[in-house]
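Asker: Pasting a predicted model and its sequence here:
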Amino acid sequence: MTKLVKYLWLALGGVAALLVAVVLVFALTFDANRYKDDIERIAKERTGRTLKLQGELKLAVFPSLGASIAGVTLSERGSGREFVRLESAHASVKLLPLLHGQVIVEAVRVSGLRAQLVKNKDASYNFSDLLEGKAEKPAPRKKDQSTPVIFDIAGVDIDRAAVAYRDTSTGQEISLSDLEVHTGRIADSIGVDFTARLDESSIRGKLAMARTAQPSYRFDLDIDRLDLDRYLAAGENKPDAAVDLSGLKGLNAQGQLQIGALQVQGLKLSKLKAQLKAAGGRAEISPHSASLYEGELSGALSLDGNANRIALKETLSNVSIGPLLRDVAHQDRLEGKGNVALELAAAGATAGAMKRSLSGAAKVRLRDGAIKGIDIAELLRKARAAAGRQSGQAADSRERTDFSELSASFSIKNGVAHNEDLDVKSPLLRIGGSGDIDIGRSTINYVAKASIGGGLTVPVKLAGPLDAMKYEVDYRAVAGDLVKSKVGDKVRDRLKGLLGR
């Protein structure tokens, strides 16, 4: 029996040696480059694209099954235009686990990848044809079938990659360059520590994804500067521009974001920090904070993809209101520095619908500023000469009413902001007022009442589009109030002094 076992081991050893010899001979004699022409031909037949394998194909069999290739290009379908180019790529899998139904990729390395992505005028992409193949429905597994193949990747390394994107309809172009991606083990989860340049932006971040029935993501992004306006389509600033938050459905993510300088819809922010959590079709960007227009912002933003609804609660502290309104609302009607509190909500399928549905409240408190387009002190000086007549004229941006303090609160419903407690103070004047600002239609219908010591009040009606506002002064009412005034000579003497008599 002992001899039999001995001979058996010798036989097995001989077989193993023979197998190793066969593998070595195969690895040393097999020339994969002989099949380059066939590979290029098959790619052309099946995709309509031109594949060129310019570099040498290298194959390794032991101890890992792997392949390396260099100088690869792939054209667009039916065209000579280049779609993808890479300088080199290498992939290898462990050989022995294959015998046990396990695919364990030891490494994937890609260097010098260049991709040209194009969105055509018919909304298709220059890679759409590669995604058109329909996967066959897998046959049901029988009870006696073996367990599914286990697939695992030890890591992926990508360096010196670049992706260019072009939209032929809008002319928009985006360039992602100097992309480096390094992942950990890819099995049930994927972890990526990456860097890239997006046009003029430098991006550094981490991304983790759990490969479950509904993938979940965790991220940490740090961007030095980002101008989102250059990536927003021109039509997105129009009132009928679509607003679609349905992309939040199915998104399960949480993480944090830091941006050194950000511009979006004209708004300029710096030192932005935000926490984001998305689940159930909703996303909360809360808390978030930033510096803007010499002041600070803090608050919370909520996006609901189920109802296409946006809600925000923001506090702006010590902000310079003039440049903020010019950049965001394209209005130059107010100057001053102070605080703004907003609590707003809106829903709708377009930007215009969102504005018309706006609801909530706002409070403003400013100091050392001016209301532009009207000089109320000058109107008082004209009161005597114009008594008994009404006067209406367009607002002149060169005119202004300076103030030391301004406060107002607004209740907002169906896109209309209503105010009844305007309080403006200046050395000579006090101004109150009430009325509406229709945000959805960018119009105003407001009556301001300016008064001086002694009881003289000048009503000024502001009306029309915000960018072409007109005001009307009822000097007849001024004269009537003056005659009826109980303060008599004291008021008239005060008015004479203001009118320069």
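Answerer: Perfect, thanks for sending it.
Asker: Report how many residues lie close to residue 311.
Answerer: 17 (other CB atoms under 10 Å). Bear in mind the C-beta positions are built from the backbone N, C-alpha and C, glycine included.
Asker: what does residue 241 give?
Answerer: 15.
Asker: quick one: it and residue 350, what's the gap?
Answerer: 6 Å (CB to CB, to the nearest Å).
Asker: so where is the chain shaky, pLDDT-wise?
Answerer: Low-confidence segments of the chain (pLDDT under 70): 1-30, 61-63, 98-101, 132-151, 187-189, 211-213, 233-239, 380-397, 453-456, 474-501.
Asker: In it, which residue is most central in space?
Answerer: residue 228 (6.4 Å; CA atoms, centre = their mean).
Asker: tell me the contacts of that one?
Answerer: For residue 228, the contacting residues are 262, 263, 264, 265, by CB atoms under 8 Å, 6 or more residues apart in numbering.
Asker: Give the full set of residues in contact with the third one.
Answerer: With contact taken as CB under 8 Å, 6+ apart, residue 264 is in contact with 228, 229, 232.
Asker: I figured the second one hits residue 268, correct?
Answerer: No - counting by CB atoms under 8 Å, residue 229 does not reach residue 268; the two are 10.2 Å apart.
Asker: Of the two, which one has the most company?
Answerer: residue 268 (17 against 13).
Asker: and the gap between the more buried one and residue 232?
Answerer: 15 Å.
Asker: Over to residue 172?
Answerer: Per CB to CB, residue 172 is found 9 Å from residue 232.
Asker: Run a quick neighbour tally on the residue nearest to residue 75 when sequence neighbours are not counted.
Answerer: Once flanking residues are discounted, residue 75 sits nearest to residue 50: 4.1 Å by CB to CB, 6 or more residues apart in numbering. Neighbour count of residue 50, defined by other CB under 10 Å: 19.
Asker: what's the answer for the one 10 residues further on, then?
Answerer: For residue 60, the number of neighbouring residues by other CB under 10 Å comes to 14.
Asker: For the closest residue to it other than its chain neighbours, give me its contacts.
Answerer: Leaving aside its sequence neighbours, residue 60 sits nearest to residue 66 (CB to CB, 6+ apart; 4.6 Å). Residue 66 makes contact with 59, 60, 90, 91, 92, 93, 106, according to CB under 8 Å, 6+ apart.
Asker: Identify those among those that sit within helices.
Answerer: Among the contacts of residue 66, DSSP state H puts none in helices.
Asker: which one among those residues gets closest to residue 312?
Answerer: Among the contacts of residue 66, residue 91 lies closest to residue 312 (CB to CB), at 47.3 Å.
Asker: In contact with that closest one, which residues?
Answerer: Contacts of residue 91 by CB under 8 Å, 6+ apart are 66, 67, 105, 107, 108, 109.
Asker: That one bridge partners, please.
Answerer: On the basis of DSSP bridges, residue 91 is bridged to residue 67, residue 108.
Asker: Same check on residue 104?
Answerer: Here residue 104, judged by DSSP bridges, has bridge partners residue 152.
Asker: Could you double-check that it lies in contact with residue 92?
Answerer: No - with contact defined as CB under 8 Å, residue 104 does not count as touching residue 92 (9.9 Å).
Asker: got the contact list for the residue lying closest to residue 421 once chain neighbours are set aside?
Answerer: Nearest residue to residue 421, sequence neighbours excluded (CB to CB, 6+ apart): residue 409, at 5.7 Å. Residues near residue 409 by CB under 8 Å, 6+ apart: 361, 362, 363, 364, 419, 421.
Asker: measure residue 409 to residue 342 for me?
Answerer: 11 Å.
Asker: Common neighbours of these two, please.
Answerer: 361, 362.
Asker: and of the contacts of residue 228, the nearest to residue 296?
Answerer: For the contacts of residue 228, the nearest to residue 296 is residue 262 (14.6 Å; CB to CB).
Asker: Give me the buried stretch members for the host helix or strand of that closest one, please.
Answerer: For residue 262, the host element (DSSP states H and E) is strand 253-264. Neighbour counts over strand 253-264 (16 or more other CB atoms under 10 Å) mark 253, 255, 257, 259, 261, 262, 263 as buried.
Asker: again, but for stretch 359-378
Answerer: 359-360, 362, 364, 366, 369-377.
Asker: Just these: which are in helices?
Answerer: Filtering the buried residues of stretch 359-378 for helices - DSSP H - leaves 376, 377.
Asker: Out of the buried residues of stretch 359-378, which comes closest to residue 402?
Answerer: residue 370 (4.8 Å).
Asker: how close does that closest one get to residue 70?
Answerer: 67 Å.
Asker: coming back round to it: farthest pair within the contacts of residue 66?
Answerer: Going by CB to CB, the pair spanning the contacts of residue 66 furthest: 59 and 106, at 15.0 Å.
Asker: report the longest strand in this protein, please.
Answerer: strand 396-413 (DSSP state E).
Asker: buried ones in the helix or strand that that one is followed by?
Answerer: Next along the chain after strand 396-413, taking DSSP H and E as the criterion, comes strand 416-419. Buried residues in strand 416-419, counting neighbours by 16+ other CB under 10 Å, are found at 416, 417, 419.
Asker: Could you list every helix and strand that the following helix or strand past strand 416-419 packs against?
Answerer: Once the chain leaves strand 416-419, the next helix or strand it forms, by DSSP H and E, is strand 423-425. When contacts are defined as 3 or more CB pairs under 8 Å, 6 or more residues apart in numbering; DSSP states H and E, strand 423-425 packs onto strand 396-413, strand 430-438.
Asker: Any chance of CSV for those strands, columns distance to residue 323?
Answerer: Converted to CSV, these look like this (distance: least, CB to CB, whole Å):
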stretch, distance to residue 323
strand 396-413, 15
strand 430-438, 20
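Asker: So which of those is nearest residue 459?
Answerer: strand 430-438 (9.2 Å).
Asker: now for whichever helix or strand comes after that closest one, which elements pack on it?
Answerer: Going down the chain from strand 430-438, the next helix or strand is strand 443-451, by DSSP H and E. Counting contacts by 3+ CB pairs under 8 Å, 6+ apart, strand 443-451 packs against helix 376-381, strand 430-438, strand 457-465.
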